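Asks: Make a model of this:
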Amino acid sequence: MKRFSQIPYPAARETADLFLGAAEGARARVDEYPLTDAAGTPLRGRNDEFLATHVTVLGNADARDTLWITTALHGCEGPAGSMLAAWLLNHREQIERTLGRDIRLVIAHNLNPWGVSHFTRFTAEGVDPNRNFRRRFPGSDRYCALSPDYRRLDPHLNPQELSLLTEVWHVGMMWAKSKFMTSKRIMRMIALGQRADKGKLLYVGREPTQTNQMIREIIRQRAHAAPGIDLHLDIHTGLGTRLTKTKEPLVLTIYPPGSSEQRLTQKLYGSVAEVATTKDGKWSGSDVGTIEQAFFAELPAGRTYLGACVELGTVSIMDAVTAVWRHQTVMRRPKRYSAWYADRSRRQMYNVFFPRNSAWRAEVVPALYRVIGQAVSGLHDRRSAFSGVGRPAYPRIS
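Replies: Residues are numbered from 1 along each chain as shown. Predicted coordinates:
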């Protein structure tokens with residue numbers, strides 16, 4: 001039987017089996033949250049598999065501080081998180097000794113099981129779930145874009161249909177524009193637009209998705225009411241420098257430079273901490289819709305929260321964007337494309353978000369565990385430093 005890291009293209013059933021098998025071996029209790037449609041009927045995956053999110057807790061259940069690890073909010077970024085979650089469970093005794101009496105570990109595995117099954121960022125409704133955690137929707141502005149360059153980039157970021165010829169055209173235009181814009185500027189343009197239009201790369205939806213509601217329920221069920229610290233790591237892949245060269249992930253925060261939260265993030269994670277937010281306006285940047293909003297809203301008063309996104313990094317932003325829009329375009333109108341074209345788009349998503357490179361896969365767990373180790377050390381050694389960190393009192397979304 002092949003090891004998980006040797007499977008070229010893991011499916012949702014394989015990621016679930018890996019996690020559940022490790023939990024059974026560790027004798028860890030697992031709570032299951034099935035994915036359903038609006039009527040409550042269970043949704044099935046691309047291979048007719050059962051779809052669910054699974055949650056387990058390691059360490060002292062009464063610990064004052066909690067380290068939250070979430071995986072596969074973007075489904076295509078799930079396999080790496082599955083490898084980490086299984087490793088933590090397989091080494092339960094070692095992990096719990098490291099945690100001690102004052103820290104517990106909550107693992108929420110495969111937050112977007114439909115996306116894991118179809119290997120896409122999006123939910124069954126076409127929503128980017130990481131942008132669905134907002135206080136309210138923006139107005140009628142079609143793109144909600146603050147960058148004047150965005151409208152010129154939009155046709156190439158969101159092609160309505162593709163063939164090999166038009167694909168070459170859009171990739172060529174994106175490449176040409178990238179020669180006049182830095183990757184950082186392109187990322188900023190992408191982040192500032194597309195929120196209101198269904199079918200766009202960052203579509204936020206029209207109401208809280210099931211993923212949004214489920215995450216909030218998980219937080220409400222497992223958060224401690226007593227004062228303490230909640231440190232959250234959301235596991236992603238696909239951005240930044242190549243892991244096989246740097247062997248270090250990027251730790252991205254939503255906090256502005258110079259803030260107490262950003263300074264503390266840098267103390268915990270060192271030079272790998274970077275700022276993902278922009279502050280140009282009300283709807284700009286990552287602070288509009290990321291999963292942190294659920295923690296801000298649902299954690300009891302008196303809890304201190306600090307969240308970060310962990311990007312393993314594989315290829316350039318241009319490679320990642322073109323792979324996503326190619327796969328999204330095919331999934332939006334599957335009957336227009338041949339099985340060969342659909343399979344090609346899916347394989348290219350894997351090449352970005354879970355590449356077959358054996359050196360990359362071998363470094364996934366060590367790289368992620370280094371970040372977790374820094375988080376645990378920070379909770380043990382720098383607890384007093386969290387006293388200056390607050391969180392916005394955003395209202396609950398029912």
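Asks: Tell me how many other residues crowd the closest residue to residue 101 other than its chain neighbours.
Replies: Distances taken as C-beta to C-beta, 6 or more residues apart in numbering put residue 60 closest to residue 101, at 5.2 Å, once the chain neighbours are dropped. For every residue, glycine as well, the C-beta is placed using N, CA and C. Residue 60 has 15 neighbouring residues, counting by other C-beta atoms under 10 Å.
Asks: so where do the strands sit in the stretch 1-150 of the chain?
Replies: Taking DSSP state E, counting those that start in this stretch to define them, one finds strands in the stretch 1-150 of the chain at 31-34, 52-59, 65-71, 103-109.
Asks: To residue 382, which of those lies closest?
Replies: Closest to residue 382 of the strands of the stretch 1-150 of the chain is strand 65-71 (C-beta to C-beta; 11.5 Å).
Asks: Dump the strands of the stretch 1-150 of the chain into TSV; add mean neighbour count, mean pLDDT and distance to residue 348 as well.
Replies: Formatted as TSV, those follow (neighbours: other C-beta atoms under 10 Å; pLDDT from 0 to 100; distance: least, C-beta to C-beta, whole Å):
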stretch	mean neighbour count	mean pLDDT	distance to residue 348
strand 31-34	15	96	30
strand 52-59	21	98	26
strand 65-71	25	97	22
strand 103-109	24	98	25
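Asks: Which one, of these, ends up nearest to residue 264?
Replies: Nearest of those to residue 264, taken as C-beta to C-beta: strand 65-71 at 14.1 Å.
Asks: quick one on the thing from earlier: any idea which of the strands of the stretch 1-150 of the chain gets closest to residue 328?
Replies: So among those, strand 65-71 is nearest, using C-beta to C-beta, at 21.0 Å.
Asks: what angle do that closest one and strand 52-59 make?
Replies: 150 degrees (axes from the mean of the first three to the mean of the last three C-alpha atoms, to 10 degrees).
Asks: what's strand 65-71 in contact with?
Replies: 77-78, 80-82, 84-85, 88, 99, 102-111, 215, 222-224, 228-235, 291, 295, 372, 375-376, 379, 383 (C-beta atoms under 8 Å, 6 or more residues apart in numbering).
Asks: Narrow those to just the buried residues.
Replies: 77-78, 80-82, 84-85, 88, 99, 102-111, 215, 222-224, 228-235, 291, 295, 372, 375-376, 379 (16 or more other C-beta atoms under 10 Å).
Asks: distance of the residue nearest to residue 101 from residue 99?
Replies: 7 Å (C-beta to C-beta, to the nearest Å).
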